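Asker: Let me see the structure of the following:
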Amino acid sequence: MAGIGFELRRILAEESFSSLLRAYGYAGLISSGPWVLSIIGVMVVGLMSLGSVYPELLINQFLVSVTYLMAGSLIFTGGLQLLFTRFVADRLFEKRDAVILPNLLGAATVTTWSAGLLGLGTVLSLFADTSVVYRVLLLAGFVALCNLWLVVIFLTGMKRYRQILLAFAVGYGATVALALGLRPYGLEGLLAGFVTGQLVLLGVLFVLVVREYPGQRLVAFDFLDRHQVFVSLAFTGLFFNAGIWADKFIFWMNPVTSDAVIGPLRASVIYDLPIFMAYLAIIPGMAVFLVRIETDFAEHYDQFYDAVRSGDTLSRIFFLKDQMVFSVRQGVYEILKVQGATVVIVALSAEHLLRAIGISTLYLPLFIVDLVGVSIQVLVMALLNVLFYLDERRVALALTAILLIGNVALTLLSQWLGPVFYGYGFTLAMAITALIGIAWLGRRMDRLEYETFMLQG
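Answerer: You can find the predicted model right below:
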């Protein structure tokens, strides 16, 4: 995160309203870009294909296929994403930039083979009743997305933000254009456009990474060295992504709340649309999260540990620690304030919004509940980020395990209680995780001096 943190601090140093807007604009696009643009791009393809692709079931099959590709690739690579992020961060701290690109290629090799084998087994065994072209595209899309999430790791570390934004514009522009151009070929045409667009995005982003981190070797697998691997991070990444998607899969797998779409893939008409629409409202909170964590907190964090390493006076160290704690509290407060205001504004206009895009207002209660849930998710992500800064890997692991278990248990309970309670499982799981995370982080901050000086080695 050092790259974007440095750039955001430079922009904010101009102390003007325009610089403030630029900083939050950059943060919102970088932090939410892959997530939101993928949702918007796929929705645009689906909406613009209405009336052109017949029957309408094919559009639904396309949207569901892409959703499963996104979910499956994020969960499958969740462990490696976090593990590899830590490896890259450590090498950058050691100023060993030259080993990053070979290890990225190594990680891509491992990802491609493992995702390819898993995907091949899946499409051969579970999608036998679909066309060969559809199965090939499904496999290619899964492998491409798994690699894309690895490359996205580098985005916040690079300072070429205009190029990054241009890359996303090109990638998702190609996705929409190709999918719409190939829509006369039905489901396979739409999916071919999506997969090709993702490959274009992957290629452009990979070129940017190569230019930023040139290497001296072709391929390396140092990131798998047992002396440099933190297994807890792998499970944390897996639990977090599985925890985010657990409620969706539960609704998809329940025959009462879902319908068969294509092959083994199912979708929930009741549940899917409200929660995916709710995710579009997280941009303000994500922008605040990135700006506050990567400016105020990161700066005070660096000052505190620099003072410790350089043997500064105890009073100075206590002062910097208090500044760091204050920056965390302010960051949490601002996330709650901004995202809370977003929830209120969107909730008040939700009925008109749903009608404007042709969605039944019967979705309104569930949409508002989901809106609260995804807003709390922003806070959970901020807490996890601070815990990673403090190297509290076990706490982060426990927190993501609570999220996963809580989302599964409470979502199942909400289904048992009936439609009125749909969405509350996800939202309550997020709320419980956030409250426990705040309590644990507060305790960690209270003991920061002791653990910094007395628990080393």
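Asker: Can you list the low-confidence ranges for the stretch 51-200 of the chain?
Answerer: 51-56, 155-165 (pLDDT under 70).
Asker: Show the model's pLDDT score for the nearest residue to Ala281 once chain neighbours are set aside.
Answerer: Leaving aside its sequence neighbours, Ala281 sits nearest to Val346 (CB to CB, 6 or more residues apart in numbering; 5.1 Å). To be clear about C-beta, it is placed using only N, CA and C from the backbone, and glycine gets the same treatment. Looking at Val346, its pLDDT is 87.
Asker: Next SSE downstream of the host helix or strand of Val346?
Answerer: Using DSSP states H and E, Val346 sits in helix 314-356. Once helix 314-356 ends, the next helix or strand along the chain (criterion: DSSP H and E) is helix 364-389.
Asker: for that following helix, the distance to its chain's centre please.
Answerer: Centroid separation for helix 364-389 versus its chain: 12 Å, with CA atoms, centre = their mean, to the nearest Å.
Asker: so what does the helix holding Val346 touch, helix or strand wise?
Answerer: If you count contacts as 3 or more CB pairs under 8 Å, 6 or more residues apart in numbering; DSSP states H and E, helix 314-356 packs onto helix 283-292, helix 298-309, helix 364-389, helix 424-446, helix 448-454.
Asker: run the last query once more with 7 Å
Answerer: For helix 314-356, the contact count by 3 or more CB pairs under 7 Å, 6 or more residues apart in numbering; DSSP states H and E identifies helix 283-292, helix 298-309, helix 364-389 as packing neighbours.
Asker: Quick check: buried residues in the second one?
Answerer: What that stands for is helix 298-309. Neighbour-count burial for helix 298-309, counted by 16 or more other CB atoms under 10 Å, picks out Ala298, Glu299, His300, Tyr301, Gln303, Phe304, Ala307, Val308.
Asker: ditto for the shortest one
Answerer: Judged by neighbour count using 16+ other CB under 10 Å, the buried positions of helix 283-292 are Ile283, Pro284, Gly285, Met286, Ala287, Val288, Phe289, Leu290, Val291, Arg292.
Asker: Using CSV, lay out the residues you listed together with pLDDT.
Answerer: Shown next, in CSV, are the buried residues of helix 283-292 (pLDDT from 0 to 100):
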residue, pLDDT
Ile283, 77
Pro284, 79
Gly285, 77
Met286, 76
Ala287, 75
Val288, 75
Phe289, 73
Leu290, 71
Val291, 71
Arg292, 70
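Asker: Which one of those residues is nearest to Leu105?
Answerer: For those, the minimum distance to Leu105 (CB to CB) is 27.8 Å, reached by Leu290.
Asker: Any figure for the gap between the closest one and Phe297?
Answerer: Applying CB to CB, to the nearest Å, the value for Leu290 to Phe297 is 11 Å.
Asker: For Ile100, find the nearest of the helices and strands packed on helix 314-356.
Answerer: Evaluated over the helices and strands packed on helix 314-356, closeness to Ile100 peaks at helix 364-389, with 18.6 Å, by CB to CB.
Asker: Which elements pack onto the helix or strand that the closest one is followed by?
Answerer: Sequence-wise, the next helix or strand downstream of helix 364-389 (DSSP H and E) is helix 393-417. Judged by 3+ CB pairs under 7 Å, 6+ apart, the packing partners of helix 393-417 are helix 231-253, helix 364-389, helix 424-446.
Asker: what's the closest of the helices and strands packed on helix 314-356 to Leu441?
Answerer: The nearest among the helices and strands packed on helix 314-356, by CB to CB, is helix 364-389 at 5.9 Å.
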